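# Okay, here's the prediction I keep looking at, along with the sequence it came from:
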There are 2 protein chains.
Amino acid sequence: MTRFAFSIHARDGKARTGEIAMKRGTIRTPAFMPVGTAATVKAMKVEDVRRTGADIILGNTYHLMLRPGAERVARLGGLHKFMGWDRPILTDSGGYQVMSLSDLRKITEEGVTFASHIDGSRHMLTPERSMEIQRLLGSDIVMAFDECPRADQSRDVIAQSMEMSMRWAKRSRDGFDSGEEHAARSALFGIQQGALDEDLRGISAQKLTEIGFDGYAIGGLAVGEGQEAMFATLDFAPGQLPDDRPRYLMGVGKPDDLIGAVERGVDMFDCVLPSRSGRNGQAFTWNGPLNIRNAKFAEDNDPIDSRCTCPTCGKYSRAYLHHLNKAGEILGAMLMTEHNLSFYQQLMQAMRAAIADGRFAAFAADFRRDYLRK
Amino acid sequence: MTRFAFSIHARDGKARTGEIAMKRGTIRTPAFMPVGTAATVKAMKVEDVRRTGADIILGNTYHLMLRPGAERVARLGGLHKFMGWDRPILTDSGGYQVMSLSDLRKITEEGVTFASHIDGSRHMLTPERSMEIQRLLGSDIVMAFDECPRADQSRDVIAQSMEMSMRWAKRSRDGFDSGEEHAARSALFGIQQGALDEDLRGISAQKLTEIGFDGYAIGGLAVGEGQEAMFATLDFAPGQLPDDRPRYLMGVGKPDDLIGAVERGVDMFDCVLPSRSGRNGQAFTWNGPLNIRNAKFAEDNDPIDSRCTCPTCGKYSRAYLHHLNKAGEILGAMLMTEHNLSFYQQLMQAMRAAIADGRFAAFAADFRRDYLRK
């Protein structure tokens, strides 16, 4: 089996569809990766995650290094065995969560020291340690360690942060390559930074390309800039990255975000939105999101979405899901998560088919009409 | 299909094995019924409940009358359709939960008035209303409405309570029979009371038998009297009830309780223990219970129980379940519940096989040696 091979089967405008072949399985693109933060896609059995159509899931370096610990996972046989998922896993580098979740952060050229949000214990993440952790976990797609600056800072701060992230990208490349056995069966992605600035993103893309990665992520978006600014950035950012490599927009997003990003040349996504909002009672449908807690669903015998093919919609009414949510029942979180993750995969499959058929623009227009009601 | 037919296929001492044929399916006895309090067996999909080997589940009248409401469930097509379980459902009468969960109870000959533990709203349960609610839910096995007195009261109080419960049993019979269409496809069980007193239980059994029921429950046990007193009562109580009808010991119990009760002639059980304790980190095994939160399991790559045939034990380590529990992950509750419910069904299946083979005493001795270490 090949280590990593990306093939584009069809193009439609800037949108592309294809697949990434890896030793643990093939990833159809555009791909949505459910988030399995703490070695579990919350409220889902892995066989049910697979049944939604997911080819790959994401694990979080930050959470796993703190609990149960990367060395412990390695002693137990690696993340795949630990959580019972035998297909590809992408792990993030920890850089984003360190910024968003931990306390008492201190950033230097060497790396980041921080206090655990769980027990306050002190830790350090560097490019080298991030690569080591992702190797210990047995990750299939390893992400370079980067700094994720807040988007509301000055251009100078953004530029300096991006420059450091590019030095960290080189150190990540070297650290990854030093784990020869793991490097021979996994892939490393670099992460473009530069916030909303086309020049900075261009410099970042050039530096990453010089180092050379299996794929390229677009980082530093979906941090509060809004969809309009994100799309404006995506109008140029994907084109700055190599055409023959997968492009991964990290932490995105809402269904209409995914459509707009695929339209602009993005191939991969991850986001907690479908799972987290499912636990909170929000269901995605082809006619827009709905909140199952709304009293109008208390005696609604229809499924969440009559077009949806998921097991929840095949078997349960909005009234039942409303009841489970009001009663705080775990099954409510389970069924709503399964619906949402399945809906996202149905959306990806519909996008792949539309690109293959050369009708992506029409598909996107139909989607926006029904989903956004515009 | 027959409405209700109990056939005993084999006997071994006082223990019996057989089946109850009903319109919605056959119940193998001795049977354990998982508890689905609020129209869900907590943290389990119904198809997974069935896969554990459960032939019947229990629903709680008290919880369902308060939320989502019996009339609402009826308008939505009944409890089976609502929760997606098409096999038999036994509903309790609400009598026990009114005593244990509600506030501001007032008991008269007419019935019980109480305040909801959810929102404080006032409600009344009578034998007639309990029958109506269970009919609205579409229950397959309806329980008579009874009073469950505290076990630590005087013989006079226990006797008066039992006498009233027997009058309520007659009113339950009449109320059930008045719902002709539902009565033609479901069954009604009476409930023996009398606490630990052989004479009172004898009187109760006689009165119930005179009224006539499809099956007979042994109520008022497992309320804190301890296993020794419960077994002493079960030495005589099942024999006071008709031999050719199923005997159901309500709210029991631990694995060793079930063995001792089957040994004394009981055919049916329900208990929240396997599901509730699973959510709290306790797993049942053939070698006794274990608490998955114990630090010694943090790097234990063995399954919960190497003899267990459940999906959790087939796929996951104690170390993974330990991690999920420590991290407060919903999947931990899901997998532990599935193991415990599956273990209970494996225990029932082993008892049925041992009775059929005439080796129940040896089976019980082996079980106690391994499970109780004695």
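It's in.

# which ones are touching the residue positioned nearest the centre of chain A?
For chain A, the residue nearest the mean C-alpha position is A:D270 (1.7 Å; Cα atoms, centre = their mean). Contact partners of A:D270, counting by Cβ atoms under 8 Å, 6 or more residues apart in numbering or on different chains, are A:F32, A:M33, A:P34, A:V35, A:L58, A:L90, A:Y248, A:M250, A:G251, A:V252. In this view, the C-beta of every residue, glycine as well, is placed from N, C-alpha and C.

# Distance check, whatever residue of the stretch 101-250 of chain A ends up closest to chain B against A:R201.
When distances are taken as Cβ to the nearest Cβ, the stretch 101-250 of chain A reaches nearest to chain B at A:I118, 8.9 Å away. In this structure, A:I118 lies at 35 Å from A:R201, with Cβ to Cβ, to the nearest Å as the measure.

# For the two, work out which one has more neighbours and name it.
A:R201 (22 against 13; other Cβ atoms under 10 Å in any protein chain shown).

# dump the residue contacts of the more buried one.
Here A:R201 is in contact with A:Q192, A:Q193, A:G194, A:A195, A:T233, A:F236, A:A237, A:Q240 (Cβ under 8 Å, 6+ apart).

# Buried subset of these, written for PyMOL?
Applied in PyMOL, the following selects the buried portion of those according to 16 or more other Cβ atoms under 10 Å in any protein chain shown:
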select buried, chain A and resi 192+193+194+195+233+237+240
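
# Out of the contacts of A:R201, which sit inside helices?
Using DSSP state H, the members of these that fall in helices are A:T233, A:A237, A:Q240.

# Is it possible to get a markdown table of these that adds pLDDT?
A markdown table is the format used below for those (pLDDT from 0 to 100):
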| residue | pLDDT |
| --- | --- |
| A:T233 | 98 |
| A:A237 | 98 |
| A:Q240 | 98 |
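
# when you check chain B, which of the contacts of A:D270 turn up near it?
Filtering the contacts of A:D270 for neighbours of chain B using Cβ under 8 Å from any Cβ of the partner chain leaves an empty set.

# Would you reformat those residues as a markdown table and include pLDDT, distance to B:R264 and neighbour count?
Listed next are the contacts of A:D270 as a markdown table, based on pLDDT from 0 to 100; distance: Cβ to Cβ, whole Å; neighbours: other Cβ atoms under 10 Å in any protein chain shown:
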| residue | pLDDT | distance to B:R264 | neighbour count |
| --- | --- | --- | --- |
| A:F32 | 98 | 57 | 26 |
| A:M33 | 98 | 56 | 23 |
| A:P34 | 98 | 50 | 23 |
| A:V35 | 98 | 52 | 21 |
| A:L58 | 98 | 54 | 25 |
| A:L90 | 98 | 57 | 27 |
| A:Y248 | 98 | 64 | 26 |
| A:M250 | 97 | 63 | 25 |
| A:G251 | 96 | 61 | 21 |
| A:V252 | 97 | 63 | 23 |
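
# Quick check: buried residues in the longest helix along chain A?
The longest helix of chain A (DSSP H) is helix A:330-356. For helix A:330-356, burial by neighbour count (16+ other Cβ under 10 Å) applies to A:330-348, A:351-352, A:354-355.

# How about residues contacting the helix or strand where A:R167 lies?
A:R167 is part of helix A:155-178 when elements are defined by DSSP states H and E. Residues outside helix A:155-178 that contact it (Cβ under 8 Å, 6+ apart): A:93, A:109, A:126-128, A:130-132, A:135, A:142, A:144-147, A:149, A:153, A:182-183, A:188, A:190-191, A:193-195, A:197, A:200, A:203-204, A:207-208, A:211-213, A:219.

# Is it possible to mark the buried ones in those?
Among these, those that count as buried by neighbour count (16+ other Cβ under 10 Å) are A:93, A:126-128, A:130-132, A:135, A:142, A:144-147, A:149, A:182-183, A:188, A:190-191, A:193-195, A:197, A:200, A:203-204, A:207-208, A:213, A:219.

# Looking at these, which are in strands?
Under the assignment DSSP state E, the buried ones among the contacts of helix A:155-178 contribute A:V142, A:L188, A:G190, A:I191 to strands.

# Was I right to think the first one contacts A:T91?
Yes. A:V142 is in contact with A:T91 according to Cβ atoms under 8 Å; the separation is 6.3 Å.

# what sits in contact with each of the two?
A:Q134.

# circling back: filter the buried residues of helix A:330-356 down to the ones close to chain B.
Restricting these to those adjacent to chain B (criterion: Cβ under 8 Å from any Cβ) gives A:I330, A:L331, A:A333, A:M334, A:L335.
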